[in-house]
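1. predicted model and sequence follow; I will ask about them next.
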Amino acid sequence: MASGSGTKNMDFRKKWDKDEYEKLAQKRLQEEREKRDAKPPVPIKRELLRHRDYKVDLESKLGKTIVITKTTPQSEMGGYYCNVCDCVVKDSINFLDHINGKKHQRNLGMSMKVERSTLDQVKKRFEINKKKIEEKQKEYDFEERMKELREEEEKAKAYRKEKLKEKKRKAEEELTFEDDDEMAAVMGFSGFGSSKKNS
């Protein structure tokens, strides 16, 4: 030995505590057996797919310019932000595909299965739609409709009369100006009003 001190312990290898590692191995084996024997995890019950009760906003950022920096939050970056999935989609078609897709619906807690409608539900829906259509249609009585048409014709006649009167008034004004110009020329005053020479 170089230093001459033979009293130092030269055993630098790590000593393994076999009892401790035996206990850890037994514990791991026990946990694996418990997992194997345990019941499989209960599947998550998701709601059936239902229609959206809000309007998808695709046009609010249309035609606007935004400055994006490194510190800009993801929700304000260019494109369409989905706050449910915390992602940004670059165009409207992909955004619609995303919100109708499996991942987004799962994050909302819905499965992709649709509830099967019964005959009574379909009949009720038809009745509701029929009532809506009837409310929208305005039923005209024949005489009421004729009265409305007469009123519209009278308004059109009055408008035409007003236009004719206005044309006559303008024509009379032009005539008086022409008469004044002719009179001024006869009297020799034609050159006073402008720098333009009449030929």
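-> All right, it came through fine. Just so you know, these numbers come straight off a predicted model, no measurement behind them. Numbering: from 1, shown residues only.

2. switch to C-alpha atoms for all contacts and neighbour counts from now on
-> Will do.

3. can you get me the start-to-end distance on stretch 63-72?
-> Start-to-end span of stretch 63-72 (C-alpha to C-alpha, to the nearest Å) is 19 Å.

4. just want the most central residue of the chain.
-> Asp57 (1.5 Å; C-alpha atoms, centre = their mean).

5. what's the end-to-end length of stretch 64-72?
-> With C-alpha to C-alpha, one end of stretch 64-72 sits 16 Å from the other.

6. if we can go back for a sec, quick one: secondary structure of the residue nearest to the centre of the chain?
-> Assigned with DSSP: H, G, I helix; E, B strand; the rest coil, Asp57 falls in the coil class.

7. only the buried residues of the strand ranked longest in the chain, if you could.
-> Counting residues, the longest strand found in the chain (DSSP state E) is strand 110-114. Within strand 110-114, the residues scored as buried using 16 or more other C-alpha atoms under 10 Å are Met110, Ser111, Met112.

8. need the contact list for Gly79.
-> If you count contacts by C-alpha atoms under 8 Å, 6 or more residues apart in numbering, Gly79 has them with Val88, Val89, Lys90, Asp91.

9. which of the residues you listed are buried?
-> Val88, Val89.

10. widest-spaced pair of the contacts of Gly79?
-> Val88 and Asp91 (9.3 Å; C-alpha to C-alpha).

11. common neighbours of these two, please.
-> Gly79, Tyr80.

12. re the thing from before, of the contacts of Gly79, which is the nearest to Met77?
-> Val88 (7.8 Å).

13. doesn't that closest one lie inside a strand?
-> Yes: counting by three-state DSSP, Val88 is found in a strand.

14. which residue is the nearest non-sequential neighbour of it?
-> Spatial nearest neighbour of Val88, excluding adjacent residues (C-alpha to C-alpha, 6 or more residues apart in numbering): Tyr81 at 4.4 Å.

15. ok, now which ones touch that neighbour?
-> Gln74, Ser75, Cys87, Val88, Val89.

16. mind redoing it with 6 Å?
-> Ser75, Cys87, Val88 (C-alpha atoms under 6 Å, 6 or more residues apart in numbering).

17. before we move on, the earlier item: of the buried residues of strand 110-114, which is the nearest to Met146?
-> Closest to Met146, out of all of the buried residues of strand 110-114 and judged by C-alpha to C-alpha, is Met112, at 54.9 Å.

18. any idea of the pLDDT on the closest one?
-> We have a pLDDT of 82 for Met112.

19. what sits against it?
-> So Met112 contacts Leu49 (C-alpha under 6 Å, 6+ apart).

20. any idea how far Asn100 is from it?
-> Met112 is 9 Å from Asn100, by C-alpha to C-alpha.

21. so where's this protein uncertain?
-> 1-10, 39-42, 137-141, 175-183, 188-199 (pLDDT under 70).
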